[in-house]
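Undergrad: Quick one, structure for this:
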Amino acid sequence: EFILQAKPLGEVTSYFIRHEYQTRGLVHFHTFLWIKDAPVMGKNTDVEIASFVQKHISCRLPSQLDEAKLHEYVTKYQTHICGKYCLRTFKNRKFKSGTKETACRFGFPRPTSKRFNLHDVLSSVIARRSNRMKKHLYDLPRTEEERRINNYNPSLLYLWGGNMDIQFLSEDSYSICNYITKYITKAEKSNLQFMDFKDLSKSTFQNLSKFAYACLKSREMGAHEAAD
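TA: You can find the predicted model right below:
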């Protein structure tokens, strides 16, 4: 309701929310927001895109003196520490000897920059596939001490009090459609056995209801989700 009414990201014209429970039982949300009059790659200027992104997305390390609570949330929830979950080892194609390198698949530490840098869509997609790690469409202005801070919206982080990974998505490409569809249609763990749900003696509605009930009954669910 806060996002819709207070409009910290602009006026939301449509949205999609999916919640998932991680192995430890913690819930997290995949949220897509369509913002009215948001700039579009290829239609708006780079200046308009940079202005919109920097208005709503930040990687700034707040002052511990002037913004104590926000500083606490950024250091506690938005500071990325690499580990087994994100580190990937791959061969460096620049060397024929097959030298292996280890890199974070989320692209940390992020590059430092004194200004906003917008990359073209094609180079970002190619970089992700060749390096096997994320390369964002843009880089926010970032100091050395902010290289491991994940992007956030100050108002939402202050109210949410938990980790977020906010991104601006606005290019007209197959990759972005695939990226969004992957999360919307992501399968959940299940132990559903093969069954013939087509009973000619019953209506289509009855067959579909039987299938839906079997899916719900066979889906894995942790204690936290069951309690919610």
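Undergrad: Leu157 should be in a strand, yeah?
TA: No: under DSSP: H, G, I helix; E, B strand; the rest coil, Leu157 sits outside any strand and is assigned helix.
Undergrad: wait, what's in contact with it?
TA: Neighbouring residues of Leu157 by CB atoms under 8 Å, 6 or more residues apart in numbering: Leu70, Tyr73, Val74, Tyr77, Gln78, Met164. Every residue, glycine included, has its C-beta placed from N, CA and C.
Undergrad: Identify the residues contacting Ser58.
TA: In this structure, Ser58 makes contact with Leu140, Asn151, Tyr152, Asn153, Pro154, judged by CB under 8 Å, 6+ apart.
Undergrad: Next, format the contacts of Leu157 as CSV and append distance to Gln5, pLDDT and secondary structure.
TA: Compiled in CSV, the contacts of Leu157 are given as follows (distance: CB to CB, whole Å; pLDDT from 0 to 100; DSSP: H, G, I helix; E, B strand; the rest coil):
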residue, distance to Gln5, pLDDT, secondary structure
Leu70, 21, 96, helix
Tyr73, 22, 97, helix
Val74, 25, 97, helix
Tyr77, 24, 96, helix
Gln78, 25, 97, coil
Met164, 19, 94, coil
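Undergrad: So Ser175: helix, strand or coil?
TA: Assigned with three-state DSSP, Ser175 falls in the helix class.
Undergrad: what about the closest residue to His119 other than its chain neighbours, how many neighbours?
TA: If the residues on either side of it in the chain are set aside, His119 comes closest to Leu137, at 5.8 Å by CB to CB, 6 or more residues apart in numbering. Here the neighbour count serves as a burial measure; for Leu137 (other CB atoms under 10 Å) it reads 21.
Undergrad: ok, now His56?
TA: The tally of other residues near His56 (other CB under 10 Å) stands at 19.
Undergrad: What's the ChimeraX line that selects buried ones from the contacts of Leu157?
TA: Selection of buried members from the contacts of Leu157 for ChimeraX, criterion 16 or more other CB atoms under 10 Å:
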select :70,73,74,78,164
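Undergrad: out of the contacts of Leu157, who's nearest Arg18?
TA: Here the nearest of those to Arg18, counting by CB to CB, is Met164; it sits at 15.0 Å.
Undergrad: Tell me who's in contact with Phe108.
TA: By CB under 8 Å, 6+ apart, the residues touching Phe108 are His80, Cys82, Cys86, Arg147, Arg148.
Undergrad: And the pLDDT at the closest residue to the last one other than its chain neighbours?
TA: Take Arg148 and drop its neighbours on the chain: the residue closest to it by CB to CB, 6+ apart is His80, 4.9 Å away. His80 is assigned a predicted lDDT (pLDDT) of 96.
Undergrad: Contacts only, for His80.
TA: Listed by CB under 8 Å, 6+ apart, the contact partners of His80 are Cys86, Cys104, Phe106, Phe108, Arg148, Ile149, Asn150.
Undergrad: Next, give phi and psi for Phe211.
TA: With angles defined as degrees, to the nearest 10, Phe211 shows backbone torsions of phi -70, psi -40.
Undergrad: name the element the residue sitting nearest the centre point of the chain belongs to?
TA: Centre of the chain computed as the mean C-alpha position; nearest residue by CA atoms, centre = their mean is Asp165, 5.2 Å away. For Asp165, there is no enclosing helix or strand under DSSP states H and E.
Undergrad: which one is it nearest to, not counting chain neighbours?
TA: When the adjacent residues along the chain are set aside, Asp165 lies closest to Asn150, with 5.7 Å between them (CB to CB, 6+ apart).
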